[in-house]
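Visitor: okay, here's the prediction I keep looking at, along with the sequence it came from:
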Amino acid sequence: MTDTPADMMVRETQLRDTAIAALRRGDMALARASLDAMGDPPAMLVAQICARAGDLDGEAAALQRILDAHHRDIPALLAMGQNALRRGDERAASTWCRAALAQAAATGAPAQLQSVLARAQAIVAQASGRFEDHLSAAIADLPALPRIAHATDLLLGKSEVFLQQPSMFYFPGLPQRAFYERDEFDWIEPMEAMTGAIVEELADVRAGAPDFAPYVQTTPGRPSPNNPLRDDPSWGAYYFWQGGAPVADHAARCPAVMAALAHAPMPVIEGRSPMALWSLLHPGTHIQPHHGLLNTRLICHLPLVVPDGCAMRVGAETRAWRPGEMLIFDDSIEHEAWNRGADTRVILLFEIWRPEIDAEEREALTRLFQAIDLFGGGQVDTGG
């Protein structure tokens, strides 16, 4: 008499239950026999029995069946990591575990998997530590090379890639550099030499008005800037050039500032540039991560008054201001700044052309920006 489909289903269920019970007791002979008698045993059960029996290839093949159908199955990914670890392939184990952890973070995982996920995190951490030690040993006898160090941090997942993402205009083909160095520009040294005179002018101005107008202000007839420091004098600005024109009374009061700025290759774009100001940051103020409008310029900071606890991050790199030493950076890369000190920080902030943009391109960009502004009014620059 031929078994009916219902009879076959009952038999498969009985064999599965027998295999599970035998697996829990450690009776691997009965567990394997039960599997062999089944027509289509569950792949995860096959994997578990193979794993207990030390059949790593059989376990991997069963897990691969699951992943072929559901390539982000968390239990199968975790089991693959354990399989690789038992083979002594720590790097492969880390890869499987990372995939499982990423999927769990994206979609969640049942409570019963939390302990296994914790073991996966430990595997990843241990593998990462060994891999870092291995790489460090390979270059231990070399001098300090910042780009090699950054590339290694990216490989190890200790840093992330930050690229130019200007909020208004992107110019292609420019190097993705967060900071430029002072010795790359011959105009910086004579400008830095004027720091003392600029600080004297700053002290004179602040003696009568220690605070400046807010750096980020609501513009009538436009949406309010999405910035927590909007209309807040904790981040203040005292302009010398604004919207391409000098601020006459400020310029007259601070001739040393204007003479210093004359050294810099600032863009000249009607209604837009030059742009130059004292930027003031009160203690406890944090300028949140943001991107500037353009990647055709670099932002320059000449630090004037810098208490301890002040710094800025551009991309993956953090630098502290040092009085009289210019900081030059690409503000189209994500950046932030903070004053965790006890006193107010003040810098002279201005923009220059990117050195990689030639004279012909600068002329074309000047026309483009002027046309953009004439069409609908210039966008307010609240970068910095």
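Guide: Happy to help now that I have it.

Visitor: please count neighbours and contacts with C-alpha atoms only from this point.
Guide: Will do.

Visitor: does anything pack onto the lengthiest helix in the chain? Which helices or strands?
Guide: Taking DSSP state H as the criterion, the chain has its longest helix at helix 114-138. With contacts taken as 3 or more CA pairs under 8 Å, 6 or more residues apart in numbering; DSSP states H and E, helix 114-138 sits against helix 74-86, helix 90-107.

Visitor: of those helices, which stretch is the most buried?
Guide: Mean neighbour count (mean count of other CA atoms under 10 Å) peaks for helix 74-86 among the helices and strands packed on helix 114-138, with a mean of 23.

Visitor: which stretches of the stretch 251-384 of the chain form helices?
Guide: Under the criterion DSSP state H, counting those that start in this stretch, the stretch 251-384 of the chain contains helices at 255-261, 359-376.

Visitor: how much space between residue 104 and residue 96?
Guide: 12 Å (CA to CA, to the nearest Å).

Visitor: tell me which element residue 151 falls in.
Guide: Secondary structure assignment for residue 151, by DSSP states H and E: helix 146-156.

Visitor: note down every partner strand of the helix or strand that that helix is followed by and its orientation.
Guide: Using DSSP H and E, the helix or strand that directly follows helix 146-156 along the chain is strand 179-180. If you go by DSSP bridges, strand 179-180 pairs up with strand 327-329 (antiparallel).

Visitor: out of the helices of the stretch 251-384 of the chain, nearest to residue 311?
Guide: When these are compared by CA to CA, helix 255-261 sits nearest residue 311, at 23.0 Å.

Visitor: using CSV, list the CA coordinates for the closest one.
Guide: C-alpha atoms of helix 255-261 as CSV (Å, rounded to 0.1, in the frame of the first residue of the first chain):
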residue,chain,number,x,y,z
PRO,A,255,43.1,99.1,8.4
ALA,A,256,45.5,96.2,9.5
VAL,A,257,42.8,93.7,8.7
MET,A,258,42.1,95.2,5.3
ALA,A,259,45.9,95.3,4.5
ALA,A,260,46.3,91.7,5.5
LEU,A,261,43.3,90.5,3.4
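
Visitor: what helices or strands is that helix leaning on?
Guide: With contacts taken as 3+ CA pairs under 8 Å, 6+ apart, helix 255-261 sits against helix 188-192, helix 195-208.

Visitor: can I get these in JSON lines including mean neighbour count, distance to residue 253 and mean pLDDT?
Guide: Shown next, in JSON lines, are the helices and strands packed on helix 255-261 (neighbours: other CA atoms under 10 Å; distance: least, CA to CA, whole Å; pLDDT from 0 to 100):
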{"stretch": "helix 188-192", "mean neighbour count": "16", "distance to residue 253": "18", "mean pLDDT": "97"}
{"stretch": "helix 195-208", "mean neighbour count": "16", "distance to residue 253": "8", "mean pLDDT": "96"}
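
Visitor: mind putting those in CSV, distance to residue 154 included?
Guide: CSV is the format used below for the helices and strands packed on helix 255-261 (distance: least, CA to CA, whole Å):
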stretch, distance to residue 154
helix 188-192, 32
helix 195-208, 37
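
Visitor: please name whichever of those is nearest to residue 246.
Guide: Nearest of those (CA to CA): helix 195-208, 16.9 Å.

Visitor: tell me which other helices or strands the closest one touches.
Guide: Contact here means 3+ CA pairs under 8 Å, 6+ apart; on that basis helix 195-208 packs against helix 255-261, strand 297-305.

Visitor: return the most buried member of these.
Guide: Of the helices and strands packed on helix 195-208, the one with the most neighbours on average (mean count of other CA under 10 Å) is strand 297-305, at a mean of 23.

Visitor: direction included, what does that one pair against?
Guide: By DSSP bridges, strand 297-305 pairs with strand 327-329 (antiparallel), strand 345-353 (antiparallel).

Visitor: which residues touch it?
Guide: 192, 195, 198-199, 321-331, 344-354, 384 (CA atoms under 8 Å, 6 or more residues apart in numbering).

Visitor: swap in 6 Å and give it another go.
Guide: Applying CA atoms under 6 Å, 6 or more residues apart in numbering, the external contacts of strand 297-305 come out as 323-324, 326-330, 345-354.

Visitor: check stretch 153-169 too.
Guide: 291, 292, 293, 294, 295, 315, 332, 333.

Visitor: so which of these wins on neighbours?
Guide: residue 332 (31 neighbours; other CA atoms under 10 Å).

Visitor: so it versus residue 144, what's the distance?
Guide: On the measure of CA to CA, residue 332 and residue 144 end up 27 Å apart.

Visitor: and residue 127, by the same measure?
Guide: In this view, residue 127 and residue 144 are 25 Å apart by CA to CA.
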